[in-house]
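Student: Would you be able to build a 3D model of this:
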Amino acid sequence: MGMSTALPDWNALAGIGDETLPLLQVALLIARDEYPDLDAARYEALLETHVARLKVEVASIDAPPLKMQAINRHLFEELGYTGDHDAYYDPRNSYLNEVFDRRLGNPISLATVQMEVARRLGVPLDGISFPGHFLVRLPVDDGMLVMDPFNAGRPLDIDELRDRARPHLGGDAPDDDALLQILHPASHRTMLTRMLRNLHGVYRDSEDWARAVRCADRVLKLLPDAPDALRDRGLGYARMGYVAGAREDLGRYLQRNPDAGDAAMVRETLVQCGRATAWRH
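Tutor: Numbering: from 1, shown residues only. Reported below is the predicted structural model:
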């Protein structure tokens with residue numbers, strides 16, 4: 001089994017602050033839900049191998065952007081990590097063990113590998129929960145370097161960032177203040193919940209309700225009051241015929257968010273759950 005016991009306990013995560021929540025370990029914990037025999041120590045060792053291969057070269061370079069260039073070259077050119085452009089929504093692109101094994105991922109899982117390697121080499125790379133595709137950022141003298149891990153770490157200039165944000169902001173390009181807000185570093189908790197929400201969407205769309213419920217439940221382990229996850233878990237329970245769980249989650253959701261845009265749909269699901277219970281007795 002290796003050292004799989006080294007991973008944190010799901011039930012402890014709500015109490016761990018954003019700063020100390022371990023990104024790599026929780027990402028592997030998410031993967032262990034789908035791969036129960038996952039050997040966490042093996043993947044931690046693999047990551048350390050990537051770091052060891054870069055240590056001498058990166059230490060000999062002064063400027064952080066040039067250090068980053070060396071890291072990206074090793075990860076994306078030599079090791080062949082790449083964005084999965086052919087099967088973007090394949091759930092394997094979100095599970096870190098598969099990303100390490102297949103060298104294929106989505107923006108957020110590739111950012112996780114890139115950030116973990118860079119930080120171990122003293123390069124302070126952060127994630128950006130950008131609308132659409134997740135990005136990474138590195139502080140430089142007069143601002144920041146923004147890169148796209150899905151496309152081999154390609155740097156993005158301010159015009160491209162504005163264009164990428166536009167469709168997610170109702171068609172308007174963000175002004176400088178709005179863009180700076182969007183480019184704010186993402187906490188580990190934000191990254192991990194986004195990973196789980198991506199997986200939830202994949203499983204919901206394929207109507208794999210047991211896995212969809214599991215992902216929503218895991219979001220609630222990280223963010224106990226997340227309304228979307230409470231609603232998603234309740235709707236999944238309803239689809240699975242677990243009426244008591246559905247009523248509890250959806251009831252709590254409506255109590256806390258009575259004016260939510262989807263309140264009518266959630267109420268309708270609750271009414272159906274009530275009918276299902278009535279038929280059973």
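
Student: Pretty sure residue 89 sits in a helix.
Tutor: No. Judged by DSSP: H, G, I helix; E, B strand; the rest coil, residue 89 forms no part of a helix; its state is coil.

Student: gap between it and residue 201?
Tutor: Per CB to CB, to the nearest Å, residue 89 is found 8 Å from residue 201. Yep, even glycine has a C-beta here, placed from its N, CA and C like the rest.

Student: do residue 66 as well
Tutor: Noted for residue 66: a distance of 37 Å to residue 201, by CB to CB.

Student: what does residue 155 give?
Tutor: Distance, residue 155 to residue 201, by CB to CB: 28 Å.

Student: Going along the chain, name the strands of the chain.
Tutor: When assigned using DSSP state E, the strands of the chain occupy the ranges 82-83, 104-105, 126-128, 135-140, 143-148, 154-156, 185-186.

Student: Please work out which of those strands is packed deepest.
Tutor: strand 104-105 (a mean of 24; mean count of other CB atoms under 10 Å).

Student: neighbouring strands for that one, and are they parallel or not?
Tutor: strand 82-83 (parallel) (DSSP bridges).

Student: contacting residues around the closest residue to residue 125 other than its chain neighbours?
Tutor: Once flanking residues are discounted, residue 125 sits nearest to residue 118: 3.9 Å by CB to CB, 6 or more residues apart in numbering. Listed by CB atoms under 8 Å, 6 or more residues apart in numbering, the contact set of residue 118 reads 67-68, 71, 124-125, 138.

Student: And residue 94, by the same measure?
Tutor: With contact taken as CB under 8 Å, 6+ apart, residue 94 is in contact with 30, 105-106, 108-109, 195, 198-199, 202.

Student: Just give me the neighbour total for the residue nearest to residue 269 when sequence neighbours are not counted.
Tutor: Leaving aside its sequence neighbours, residue 269 sits nearest to residue 238 (CB to CB, 6+ apart; 5.2 Å). Look at residue 238: counted by other CB atoms under 10 Å, it has 22 neighbours.

Student: still on that earlier bit, closest one of the contacts of residue 118 to residue 273?
Tutor: Nearest to residue 273 among those is residue 125, at 45.7 Å by CB to CB.

Student: how many neighbours does that closest one have?
Tutor: Neighbours of residue 125 under the rule other CB under 10 Å: 25.

Student: Kindly report the same for residue 45.
Tutor: 12.

Student: Of residue 66 and residue 201, which one has the most company?
Tutor: Neighbour count, other CB under 10 Å: between residue 66 and residue 201, residue 201 has more, with 14 against 11.

Student: Point out where the stretch 151-281 of the chain drops to low pLDDT.
Tutor: 277-281 (pLDDT under 70).

Student: So in the protein, which helix runs the longest?
Tutor: Under DSSP state H, the helix in the chain containing the largest number of residues is helix 40-59.

Student: just checking, what packs against that helix?
Tutor: With contacts defined as 3 or more CB pairs under 8 Å, 6 or more residues apart in numbering; DSSP states H and E, the packing partners of helix 40-59 are helix 23-34, helix 64-72, helix 96-102, helix 107-120.

Student: Need the winner for burial among those.
Tutor: Comparing those by mean neighbour count (mean count of other CB under 10 Å), helix 107-120 comes out on top with a mean of 24.
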